[in-house]
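K.L.:
here are the coordinates; sequence isn't available:
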């Protein structure tokens with residue numbers, strides 16, 4: 001999406017970035033790599049490698065644990081109602097965007 005690479009590149013290096021999708025992990029990895037931002041992501045997970053897909057909080061909590069971030073320090077950005085529901089269940093703030101799903 002327009003501006004996302006610039007936003008990711010501009011994030012301070014001490015800001016940890018992760019990706020969680022209800023698509024397959026391999027797809028997420030390929031998209032991040034193709035857009036030249038994979039190296040900025042501390043963790044990447046898909047519905048195929050977390051205990052339960054969103055709206056369950058398991059994937060978010062797994063990412064946060066891997067990044068060493070507590071839910072109250074995190075913001076989850078998503079493009080579907082299941083993203084907001086998962087963030088709420090995980091105990092972290094969320095931001096909804098209008099592109100994507």
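P.N.:
Structure received. Keep in mind that this is a model prediction, so the values were computed, not measured.
K.L.:
Now the helix or strand residue 43 falls within: average pLDDT?
P.N.:
Secondary structure assigned from DSSP states H and E places residue 43 in strand 41-46. Within the predicted structure, the mean pLDDT of strand 41-46 is 98.
K.L.:
In terms of secondary structure, what does the following helix or strand past that strand contact?
P.N.:
For strand 41-46, the following helix or strand on the C-terminal side (DSSP H and E) is helix 58-67. For helix 58-67, the elements it packs on are strand 17-21, strand 41-46, helix 81-90, judged by 3 or more C-beta pairs under 8 Å, 6 or more residues apart in numbering; DSSP states H and E. C-beta: built from backbone N, CA, C; applies to glycine.
K.L.:
what inclination does the shortest one have with respect to strand 41-46?
P.N.:
If you take axes from the mean of the first three to the mean of the last three C-alpha atoms, to 10 degrees, strand 17-21 sits at 10 degrees to strand 41-46.
K.L.:
Neighbouring strands of strand 17-21 in the sheet, and parallel or not?
P.N.:
Strand 17-21 has these partner strands in its sheet, going by DSSP bridges: strand 41-46 (parallel).
K.L.:
who touches the partner strand?
P.N.:
Identification of contacts with strand 41-46 by C-beta atoms under 8 Å, 6 or more residues apart in numbering yields 16-29, 32, 38, 59, 62-63, 66-67.
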